[in-house]
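J.: Structure for this input, please:
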Amino acid sequence: MKGLQSSVLKIILMGVALLLLSGSLLNARVAPPKLPLSESAGLPGSPVNLSFVSQPDALFADFQYRSSDDRFTCQENGGSWRDGQCNYRGLPMPVEVCFAGTCLFNSRFYKVAQLNILTGQSYRFVLIEAGLTNTAQGISVFQFGVFGNEAKTSVLQAAGGGNMNENAIGVQLAGIFNNNKDRSYGISAAGLVNFGGDVKGMQLTAGLNVAGRVQGAQVALFGNMADESAFGIQAAGLVNKVRGRLDGVQAAVLVNSVEGDVAGLQVSGLVNESAGSLTGVQLAAGGNGVDAHLVGLQGAVLANYAGEMQGIQVGIANKAHWRMEGAQIGVLNVANDQGAEKGAQIGLWNSAEKKCLVQLGVINSCNGRARFQFGLLNMAQDNWIPITILVNFDFN
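T.: Numbering: from 1, shown residues only. Got it, this is the predicted structure:
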């Protein structure tokens, strides 16, 4: 055991010596001797103009050195361009330690790891960044923050507070929020809210998910919002909203709403609404509404509404505003404007404008011609016999 302890101690001492030696060599390479700007080199009439930098007093002190980088590379790496030369500050170390915005090595080069004791900022590629608050101007692969993380691009972020990015590629875990301005490709999970521009993947929260375009899934206890379009699944405890087109599924305890067209399924405990056309299915305990064209099925305990319908409506009250082709099954069925020339109405009270194909109910009313009516009272304005009991038909 004593031999092992002695070996470990020797290794540590050798490491310290090598670190001091490498720092001395680095300083000797990048920092020429301190000379005046114009000093004679011993040749008469030939003064030599030498730029100089201050020799650092310690290994980790800030200093300045010249580089052969071109202007673009210099400025991209955080240097300043003066007199046709690039000037960097700091030591090009693979690790960095920062405290309250001030860093030990002050390096803007690629790093394997950076520790931010309070706050810190990295400028280029960083593999692992950890601290109370982390800020990356470039790519930070793994960020672990107590309060928050911010990066231009990240792969894995975990914070007790929030994560902020221009682009997030991978996984985000936050106690409060995730905010991605441009793209969010992967999984964003937060306690309260997720914001994303172009989302390809999943947003998961107990509060609210907001995105521009969604290709994937939004899952929230409160609500989901897609400002442009959604292709995939929205599942919410209360409300789902898409301001553009929905291709996929909406499932909510209360309300599903789409301002554009829907191709897929809407299921809610209260209301489903599509301001455009719907090709698919709406199922609600309360009501379903399609402002334009319905191709499919509406099923509701209370009411169904469609501007124009090709399909089936099942509910207490069903209405097709312009034209109905298919079937209405309920207590009250109404087909306005063009009526139900290619369809059937089955209920207690059936009403249609102009032509009717089939009406089966207690009271059947057609303001045009009815092909076949069966009910206690049948009314067909343009039939040979306009009012009958039990059966009325006109096959002309």
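J.: Select the longest strand from this structure.
T.: The single longest strand within the chain, with elements called by DSSP state E, is strand 126-159.
J.: and after it, which helix or strand comes next?
T.: strand 162-174 (DSSP states H and E).
J.: what packs against that following strand?
T.: Helices and strands touching strand 162-174, by 3 or more CB pairs under 8 Å, 6 or more residues apart in numbering; DSSP states H and E, are strand 126-159, strand 177-190. C-beta here means a position set from N, CA and C on the backbone, and glycine is covered the same way.
J.: residues contacting residue 368?
T.: Each residue near residue 368 by CB atoms under 8 Å, 6 or more residues apart in numbering is listed here: 339, 352-356, 380-382.
J.: So which of the residues you listed wins on neighbours?
T.: Among the contacts of residue 368, the one with the most neighbours (other CB atoms under 10 Å) is residue 356, at 31 neighbours.
J.: List the buried residues in the helix or strand hosting that one.
T.: For residue 356, the element it lies in under DSSP H and E is strand 355-366. Applying a neighbour-count criterion of 16 or more other CB atoms under 10 Å, the buried positions in strand 355-366 are 355-361, 363-366.
J.: Just give me the neighbour total for residue 293.
T.: One way to gauge burial is a neighbour count; for residue 293, by other CB under 10 Å, it gives 19.
J.: from now on call the first residue 27
T.: In the new count, where the first residue is 27, that last one comes out as residue 319.
J.: low-scoring pLDDT stretches of the protein, where are they?
T.: 27-95, 101-106, 108-109, 111-118, 127, 132-135, 422 (pLDDT under 70).
J.: rerun at 50
T.: 30, 34, 39, 42-93 (pLDDT under 50).
J.: Domain-wise, how is it divided?
T.: The domain map for the chain lists 116-225, 233-328, 342-422, with the assignment taken from automatic domain parsing.
J.: between those domains, which gets nearest to residue 107?
T.: Nearest to residue 107 among the domains of the chain is domain 116-225 (14.2 Å), distances taken as CB to CB.
J.: Surely residue 367 touches residue 381?
T.: Yes - at 4.1 Å, residue 367 counts as touching residue 381 under the criterion of CB atoms under 8 Å.
J.: So which residues of this protein form helices?
T.: 28-56, 97-102 (DSSP state H).
J.: if we can go back for a sec, what angle do the longest strand of the chain and strand 203-216 make?
T.: Taking axes from the mean of the first three to the mean of the last three CA atoms, to 10 degrees, strand 152-185 and strand 203-216 form an angle of 80 degrees between their directions.
J.: Which elements pack onto strand 152-185?
T.: Short answer (3+ CB pairs under 8 Å, 6+ apart): strand 152-185 packs on strand 137-148, strand 188-200.
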